[in-house]
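*Asks:* I would like the atomic coordinates for the input below:
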Amino acid sequence: MVIPFLLTSIIFTVSGEFSILPKVASDSTPFVTRIAVSGLEPESTYKFTIYVYGGHPSPAVISERWTGNKWKGGYAYTDFIPDDSGDWQELIPLRVVKSAKEGYDYYIKFKIKKGNEDIFESIVRSSEGFQILALPSEVGWLAGTVYLDPNFTSPAEKIVVLTSIYDTTVGAYLTEDNGIDEGNPDIPGRFYIAVPLGSVDKIEFQDSVGNLVNGYIGSSPSWEITPGETTWVDPFCIENIEFTPDYPEPSDSVIIRVLLCNPGTAINNCSLLVNYNGTEIEKLLLENVPAHSCTAPQIVWRDLPRGKFKVEVQAKTEEFSSTASKFLQIGSGDVLINEIMFHPSTSGEWIEVINHSTNPISLKDWTIEDTQTKNAITIEDKWLAPECFAVIAESTSSALQSIYGNFQADVFSLSSKFPSLKDDGDTVILRDGDGIIQDILKYEGSWASNSTRGISLERISLNINTNDPKNWGSCVIASGGTPGKVNSIYADYIPKSVKLSVSPKVFSPKSEVAFISYTLPYAQARVKLYLYDRCGRCVRKLVDGSPSGAQSRWFWEKGEITWSHIWDGRNDEGEVLPMGIYIVYLEAKDQHSDGLISQKTTAVIGK
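*Replies:* As a prediction, this is how the structure comes out:
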């Protein structure tokens, strides 16, 4: 349906049309409408809204519009800029989520403003041809997969599928993966369109600006649409791919379950080929699959490689090939959860992640979630450099830096949309733009060695499993957290034995200090570092049962972390000690076991 509209002002004449306006269902099945407008002021900023109105006083607006990252109802406006000719067109996904008021002449309305000035609007009422199909008596669904080649090997993604009855467009939507959350499997090339009853006698394909493109499907018209049923254009269709477990480690085996359906009227045979990144996993022959039925063969994938892989499934008959794919992350991804603040005092809750790879990674369309909420981190093309941090927070960057000091990391402030992290334990899930889990943390409140409010939970090593309780501990520095910085208890390598050293071995307190350094065979420990004189009297307690890393500085030496404390040659009362030999005594107790180690060396105060 093409609905033109025209508006003339003192300065310019604006014209436009709904170049696509299909019949729609009220069950939230999405559709697309295309708006084409000309005569606007070139490169000026306008804003538009489009919605379906179903009656007054209720149910009022009965539609939602996809805004790029979520479905949004109401009258919300979106900015746009026409091209240098004053033209603008847009393909707009909508869905009707409620029924119209009985007897009301419902309508779809499109409106453009410039600032607060109404530029034009167009209303197409039900009495003028805009139709919401009654459920289930007036609607069925047409589904299938579109390919770019006659061999059915290259799915056509993000193209418009137009279904027609007697040359009238009755349904329109985009093929997957279109970046829209409809609740359907994101199988490339797949479409799922609500259409009225009858025989669909033509399917056409368009690109995003309305040009016709060649597309190939597995059968020829016509397709009979029956009430409440889905009619498939594919002889075979892969409905879904499932992995068990869905977040495996390389030491696991994965069960790949393929839901394969024969929607036709005849018994069919097909071969099923499963591969990852072009490497074959298994090939099966499925014989005598009954008409109007589904089967769910399972393949076991062993000897898993680590990484993110595209698992592709191809179902082939003599004349047709249906292909579907799904990503699987094996082991942790490249961006890891590194620190969380789940028990804040003034900073609000926050989560720090790190790019533990050698390549920059775009965080566009990544999400963070807990067991109850899922929210986008950013819809912009923000890049995270190798070995750099990003912070997802309730509060702003300036608020965090006022507490923790300056840092360079990007802060993505989610405000009220930030997941609520429970004090006694929760699950934090980080997903990439493909919806694949990159890291998942199932923490317990007991992992924190310090239960004081405002103390973050830090990861010790990026090379140890995220969900190993021994790989996490409380921050040990005064600010209580290290967002955008190296963790206070971070260690890349845990040595197998204790080491203790003093440098310089002989020093003069008048002009020098001694650095007492140690490495520990424990990820986290309570440390005592005492100095004794020759008579065995304790003269200085540099560390007295504090967590490893507290009140100290650290540095890297031969791939392991070394903690270092300064001794100025004074006792606990601040008095300079006399010349002589002093015993340096180190004791460390593992916080995760009963392990206890000690080590001694000497330091000499000279002239």
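*Asks:* so where do the strands sit in the stretch 151-300 of the chain?
*Replies:* Ranges of strands in the stretch 151-300 of the chain, per DSSP state E, counting those that start in this stretch, are 160-165, 168-174, 190-196, 198-200, 202-206, 223-225, 230-232, 237-244, 254-262, 268-276, 279-289, 293-295, 298-301.
*Asks:* closest to residue 27 out of the ones you listed?
*Replies:* Nearest to residue 27 among the strands of the stretch 151-300 of the chain is strand 190-196 (7.4 Å), distances taken as Cβ to Cβ. To be clear about C-beta, it is placed using only N, CA and C from the backbone, and glycine gets the same treatment.
*Asks:* check the offset of the closest one from the chain's centre.
*Replies:* 28 Å (Cα atoms, centre = their mean, to the nearest Å).
*Asks:* okay, that strand in CSV with CA atoms only?
*Replies:* Provided in CSV are the C-alpha atoms of strand 190-196 (Å, rounded to 0.1, in the frame of the first residue of the first chain):
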residue,chain,number,x,y,z
ARG,A,190,15.3,-16.6,8.2
PHE,A,191,12.0,-14.6,8.0
TYR,A,192,8.8,-14.9,10.0
ILE,A,193,5.9,-12.8,8.8
ALA,A,194,2.2,-12.4,9.8
VAL,A,195,-0.1,-12.5,6.8
PRO,A,196,-3.9,-12.7,6.2
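*Asks:* quick one: buried residues of that strand?
*Replies:* The neighbour-count check on strand 190-196 (16 or more other Cβ atoms under 10 Å) flags 190-196 as buried.
*Asks:* just stretch 42-60 next, same as before
*Replies:* Neighbour counts over stretch 42-60 (16+ other Cβ under 10 Å) mark 46, 48-55, 59 as buried.
*Asks:* one step back: tell me which of the strands of the stretch 151-300 of the chain sits most buried.
*Replies:* strand 190-196 (a mean of 25; mean count of other Cβ atoms under 10 Å).
*Asks:* can you tell me the strand partners of it and which way each runs?
*Replies:* strand 139-145 (antiparallel) (DSSP bridges).
*Asks:* so for residue 605, which of the strands of the stretch 151-300 of the chain sits nearest?
*Replies:* Closest approach to residue 605 among the strands of the stretch 151-300 of the chain (Cβ to Cβ): strand 254-262, 63.1 Å.
*Asks:* give me the angle between the closest one and strand 268-276.
*Replies:* Comparing the axes of strand 254-262 and strand 268-276 via axes from the mean of the first three to the mean of the last three Cα atoms, to 10 degrees yields an angle of 150 degrees.
*Asks:* okay, residue 601 and residue 500: tell me how far apart.
*Replies:* Per Cβ to Cβ, to the nearest Å, residue 601 is found 5 Å from residue 500.
*Asks:* need the residues touching each of these two.
*Replies:* Common contact partners of residue 601 and residue 500 (Cβ atoms under 8 Å, 6 or more residues apart in numbering): residue 584.
*Asks:* hmm, residue 201 and residue 166 touching each other?
*Replies:* Yes. The criterion here is Cβ atoms under 8 Å, and residue 166 meets it with residue 201 at 7.1 Å.
*Asks:* compare neighbour counts for these two and give me the winner.
*Replies:* More crowded of residue 166 and residue 201, by other Cβ atoms under 10 Å: residue 201, with 13 against 9.
*Asks:* quick one: the strands in the stretch 1-150 of the chain, in order.
*Replies:* Under DSSP E, counting those that start in this stretch, the stretch 1-150 of the chain gives strands at 3-8, 13-20, 24-25, 31-38, 46-53, 63-66, 71-73, 78-80, 88-96, 107-114, 117-125, 132-133, 139-145.
*Asks:* buried residues in the last one?
*Replies:* When you say that, I think you mean strand 139-145. 139-145.
*Asks:* ok, and what's touching it?
*Replies:* Taking Cβ under 8 Å, 6+ apart as the rule, strand 139-145 contacts 25, 27, 29, 133, 155, 163, 171, 175, 187, 189-197, 200, 217-218, 223, 225-234, 237, 322-323.
*Asks:* report how many residues lie close to residue 182.
*Replies:* Neighbour tally, residue 182, other Cβ under 10 Å: 18.
*Asks:* one step back: quick check: which of the strands of the stretch 1-150 of the chain is nearest to residue 284?
*Replies:* Set against residue 284 and scored by Cβ to Cβ, those come closest in strand 139-145, at 20.1 Å.
*Asks:* and that closest one, how far out from the chain middle?
*Replies:* Taking Cα atoms, centre = their mean, one finds strand 139-145 lying 29 Å from the centre of the chain it belongs to.
*Asks:* alpha carbons only: can I get that strand in PDB?
*Replies:* The C-alpha trace of strand 139-145 is given here as PDB (Å, rounded to 0.1, in the frame of the first residue of the first chain):
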ATOM      1  CA  VAL A 139      -4.000 -14.500  10.500                       C
ATOM      2  CA  GLY A 140      -1.400 -17.100   9.800                       C
ATOM      3  CA  TRP A 141       2.400 -16.900   9.300                       C
ATOM      4  CA  LEU A 142       4.700 -17.400   6.400                       C
ATOM      5  CA  ALA A 143       8.300 -18.500   7.300                       C
ATOM      6  CA  GLY A 144      11.400 -19.600   5.500                       C
ATOM      7  CA  THR A 145      15.000 -18.800   4.600                       C
END
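*Asks:* what is the mean pLDDT for that strand?
*Replies:* The average of the pLDDT scores along strand 139-145 is 90.
*Asks:* go on, stretch 33-48?
*Replies:* What stretch 33-48 shows for mean pLDDT is 90.
*Asks:* first-to-last residue distance for it?
*Replies:* End-to-end distance for stretch 33-48: 14 Å, by Cα to Cα, to the nearest Å.
*Asks:* could you do stretch 489-499 as well?
*Replies:* Taking Cα to Cα as the criterion, the two ends of stretch 489-499 lie 18 Å apart.
*Asks:* neighbours of residue 579, how many?
*Replies:* 13.
*Asks:* all helices of the protein, in order?
*Replies:* 397-404 (DSSP state H).
*Asks:* can you list the domain ranges for it.
*Replies:* Split into domains by automatic domain parsing, the chain comes to 3-133, 139-232, 237-330, 335-474, 499-605.
*Asks:* is it possible to get TSV of those that adds distance to residue 483?
*Replies:* As requested, these are exported to TSV (distance: least, Cβ to Cβ, whole Å):
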stretch	distance to residue 483
domain 3-133	25
domain 139-232	30
domain 237-330	25
domain 335-474	5
domain 499-605	17
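*Asks:* what's the least confident helix or strand in this protein, going by average pLDDT?
*Replies:* strand 3-8 (a mean of 38; mean pLDDT, DSSP states H and E).
*Asks:* what does stretch 224-237 contact?
*Replies:* Stretch 224-237 is contacted by residues 135-145, 192, 195-200, 203, 217-219, 223, 260-264, 268, 270, 289, 315, 317, 319-320, 322 when judged by Cβ under 8 Å, 6+ apart.
*Asks:* ok, residue 146 - contacts?
*Replies:* Residues near residue 146 by Cβ under 8 Å, 6+ apart: 155-156, 159, 161, 175, 189, 191, 205, 215-217.
*Asks:* could you measure from it over to residue 155?
*Replies:* Residue 146 sits 7 Å away from residue 155, taking Cβ to Cβ as the criterion.
*Asks:* need the overlap of contacts for those two.
*Replies:* Common neighbours of residue 146 and residue 155, counting by Cβ under 8 Å, 6+ apart, are 175, 189.
*Asks:* residue 465 reaches residue 442, doesn't it?
*Replies:* No. The pair residue 465 and residue 442 does not pass the contact test of Cβ under 8 Å, sitting 11.1 Å apart.
*Asks:* so where's the stretch 151-300 of the chain uncertain?
*Replies:* 265 (pLDDT under 70).
*Asks:* what's the most buried one of the strands of the stretch 1-150 of the chain?
*Replies:* Highest mean neighbour count among the strands of the stretch 1-150 of the chain (mean count of other Cβ under 10 Å): strand 24-25, a mean of 26.
*Asks:* what helices and strands are in contact with that strand?
*Replies:* Identification of packing neighbours for strand 24-25 by 3 or more Cβ pairs under 8 Å, 6 or more residues apart in numbering; DSSP states H and E yields strand 88-96, strand 132-133.
*Asks:* and the closest residue in space to residue 532 that isn't next to it in sequence, what is it in contact with?
*Replies:* Excluding the flanking residues, the one nearest residue 532 by Cβ to Cβ, 6 or more residues apart in numbering is residue 583, at 4.2 Å. Counting by Cβ under 8 Å, 6+ apart, residue 583 makes contact with 531-534, 600-602.
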